[in-house]
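1. can you look at this prediction? I've put the sequence above it.
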Amino acid sequence: MGATLRMVTLGCRVNQYETEYVRQGLLSIGYREAAEGEPADLLVVNTCTVTAEGDAKSRQLIRRLAAQNPGGRMVVMGCYASRAPREVAALPGVSEVVTDKRELGDLLGRFGVLDLPAGLGRLQARKRAYVKVQDGCLLRCSFCVIPLVRPYMYSRPESEIVAEVRRLVEAGHQEVVLCGIHLGHYGVDFNRGQPRSRWVRLAQLVDRLAALEGSFRIRLSSIEATEVTRELLAVMAAHPRRVCPHLHVPVQSGSDEVLRRMRRRWGAQRLIDRCLLAQAILDQPALSTDVMVGFPGETEADFETTCRTLEQVGFCKLHVFPFSPRPGTAAAAMPGQLPPHIKRQRIETLAALEERLRARYLQQLAGRSLQVLVEGCCGPHRLQGTACRYVPVEVAGDAASVGQLLDVVARRVANGRLLAERYPEQPSAVGTA
């Protein structure tokens, strides 16, 4: 029996991808996953620091694992480890802190991995596969700590990504999510010094992946609205059954004054216009977003402007979070810090707005054909999954369909999800993406 391994991840899809990269490297040299309740010889914790809550959860997790595995060696990596390595090293049970994600190959080498993985072959216990195509952010939004802990821009070669997606599809994954720290900047590092005619763009990568054989679909992770180019939208429209008509575009605020203090690169109207362009080119796309409440100096009028912006676009899902002052960022020292109760009130208001917007979007999909990735069972002969348009769907079926793509027709809305019926036969590509 090999040495036991336990890996735990907090944070974003990029973190989840990087955890899996380390996991597969260690499994290749004989480590095995520790069973439930079994002590682990090696623990790897991938941390998050995007909010103060992320820091706190990381510390709690490290302490709990140290108590449960007193004889284990613990390696801590991730953005919290990069931001506060001494703080992490002082926590109980921590043997090693990885401060730079570019060192993951060196980390595996120290454990005896000679043949470093060129990418992933399969993601355990996941119906969809995350593929990291880019790392690093060069922007300096005043509230964000990520450029401090991931400052190096790096895009993976297209050929490497294509080969990885092929492996994942052959392994049975029927949804591939392209992710990065700044996804819309894929290729920027390749393009320096090159004539524009030779630039590499995200749209080209998506188009290349869309041409691959197999039963699978592609979803884009978070991308800035201004980087949703006409070229990218044209590629999405050209492959309606391959590329999900879903865009997650962070708004943060609908107030130009707040956006200026956030050091965002555009005003609210430019973002609105880009979302409207996506709605004009794509067939009833799902638009989701991030919204920050309680940024320093945010007035009630600013907040009301944000609500109007969200309603004007018609987002179907809002990821709402309170401003959290992060050490080393400009916003942490700004005047006008808002009290927690104001933030809570505004979060509650946005929760009600999201419920209304989501219900409206779900009603618009009634009667439409949709492609659903089945993720599990929700009752006897009942399946649940996520549609191409990023909404929950329930349909009749058995466990044999879990992990598969099904074509369904949405019939009605119930309890915040679409109730659907299986298509009697494979529909045409038109309107079924």
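-> All right, it came through fine.

2. can you give me the neighbour number for residue 21?
-> For residue 21, the tally of surrounding residues (other C-beta atoms under 10 Å) stands at 20. Just so you know, the C-beta spots here come from the backbone N, C-alpha and C atoms, and that holds for glycine as well.

3. show me what the helix or strand containing it is packed against.
-> Element membership for residue 21, per DSSP states H and E: helix 13-27. Packing partners of helix 13-27 (3 or more C-beta pairs under 8 Å, 6 or more residues apart in numbering; DSSP states H and E): strand 4-9, strand 42-47, strand 73-78, helix 104-110, strand 128-135, strand 175-180.

4. residue 135 and residue 17: what is the separation?
-> Taking C-beta to C-beta, to the nearest Å as the measure, residue 135 falls 10 Å from residue 17.

5. follow-up on the earlier one: can you list the helices and strands packed on helix 13-27 in JSON lines and add distance to residue 348?
-> Converted to JSON lines, the helices and strands packed on helix 13-27 look like this (distance: least, C-beta to C-beta, whole Å):
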{"stretch": "strand 4-9", "distance to residue 348": "29"}
{"stretch": "strand 42-47", "distance to residue 348": "29"}
{"stretch": "strand 73-78", "distance to residue 348": "31"}
{"stretch": "helix 104-110", "distance to residue 348": "40"}
{"stretch": "strand 128-135", "distance to residue 348": "31"}
{"stretch": "strand 175-180", "distance to residue 348": "30"}
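
6. would you reformat these as TSV and include distance to residue 293, mean neighbour count and mean pLDDT?
-> Supplementary listing: these in TSV, determined by distance: least, C-beta to C-beta, whole Å; neighbours: other C-beta atoms under 10 Å; pLDDT from 0 to 100:
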stretch	distance to residue 293	mean neighbour count	mean pLDDT
strand 4-9	26	19	95
strand 42-47	25	25	97
strand 73-78	26	23	96
helix 104-110	35	15	91
strand 128-135	28	24	95
strand 175-180	25	23	97
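
7. among these, which is nearest residue 85?
-> Minimum separation from residue 85 across these (C-beta to C-beta) falls at strand 73-78, 8.8 Å.

8. check contacts around the residue lying closest to residue 179 once chain neighbours are set aside.
-> Setting aside the residues directly before and after it, residue 179 is nearest to residue 221 in space (C-beta to C-beta, 6 or more residues apart in numbering), at 3.8 Å. Under the criterion of C-beta atoms under 8 Å, 6 or more residues apart in numbering, the neighbours of residue 221 are 13, 130, 177-180, 183, 248.

9. can you list the weak-confidence ranges in the stretch 101-250 of the chain?
-> 124-126 (pLDDT under 70).

10. correct me, but residue 222 touches residue 183?
-> Yes. At 6.5 Å, residue 222 counts as touching residue 183 under the criterion of C-beta atoms under 8 Å.

11. let me see the domain layout of the chain.
-> Residue ranges of the domains in the chain are recorded as 4-110, 128-365, 369-422, according to automatic domain parsing.

12. quick check: end-to-end length of the longest one?
-> Looking at domain 128-365, the gap from its leading to its trailing residue is 23 Å under the measure C-alpha to C-alpha, to the nearest Å.

13. cool, and the last one?
-> Start and end residues of domain 369-422 are separated by 9 Å (C-alpha to C-alpha).

14. select the longest helix from this protein.
-> If each helix of the chain is counted by residues according to DSSP state H, the longest one is helix 340-365.

15. surely residue 223 meets residue 248?
-> Yes. The pair formed by residue 223 and residue 248 meets the contact definition of C-beta under 8 Å, at 6.9 Å.

16. between the helices and strands packed on helix 13-27, which one is closest to residue 153.
-> Closest to residue 153 of those is strand 128-135 (C-beta to C-beta; 7.5 Å).

17. between that closest one and strand 175-180, how big is the angle?
-> Using axes from the mean of the first three to the mean of the last three C-alpha atoms, to 10 degrees, the interaxial angle of strand 128-135 with respect to strand 175-180 works out to 20 degrees.

18. and the next helix or strand past strand 128-135?
-> Tracing the chain past strand 128-135, the next element assigned as helix or strand by DSSP H and E is helix 146-149.

19. can you list contacts of that next one?
-> Applying C-beta under 8 Å, 6+ apart, the set of residues contacting helix 146-149 from outside is 49-50, 79, 82-83, 137-141, 181, 328-329.

20. going by neighbour count, which of those residues comes out on top?
-> Ranked by neighbour count (other C-beta under 10 Å), the contacts of helix 146-149 have residue 79 at the top, with 27 neighbours.

21. now residue 105: closest residue in space, sequence neighbours ignored.
-> Among residues not flanking residue 105 along the chain, residue 116 sits closest, at 5.1 Å (C-beta to C-beta, 6+ apart).

22. now residue 384: which helix or strand?
-> strand 382-387.

23. so which bits of the longest helix of the chain are buried?
-> Neighbour counts using 16 or more other C-beta atoms under 10 Å place 343, 346-347, 349-350, 353-354, 357-358, 361-362, 365 of helix 340-365 among the buried residues.

24. same question for stretch 281-291.
-> Judged by neighbour count using 16+ other C-beta under 10 Å, the buried positions of stretch 281-291 are 281-282, 285-289, 291.

25. and for stretch 209-226?
-> Within stretch 209-226, the residues that qualify as buried by neighbour count (16+ other C-beta under 10 Å) are 209-210, 216-225.

26. can you get me the start-to-end distance on stretch 139-149?
-> Using C-alpha to C-alpha, first and last residues of stretch 139-149 are 12 Å apart.

27. and for stretch 186-204?
-> This stretch, stretch 186-204, spans 10 Å end to end (C-alpha to C-alpha).

28. hmm, who's touching it?
-> When contacts are taken as C-beta under 8 Å, 6+ apart, the neighbours of stretch 186-204 outside the stretch itself are 133-134, 153-155, 158, 180, 183-184, 205, 223, 227, 229, 231-232, 234-235.
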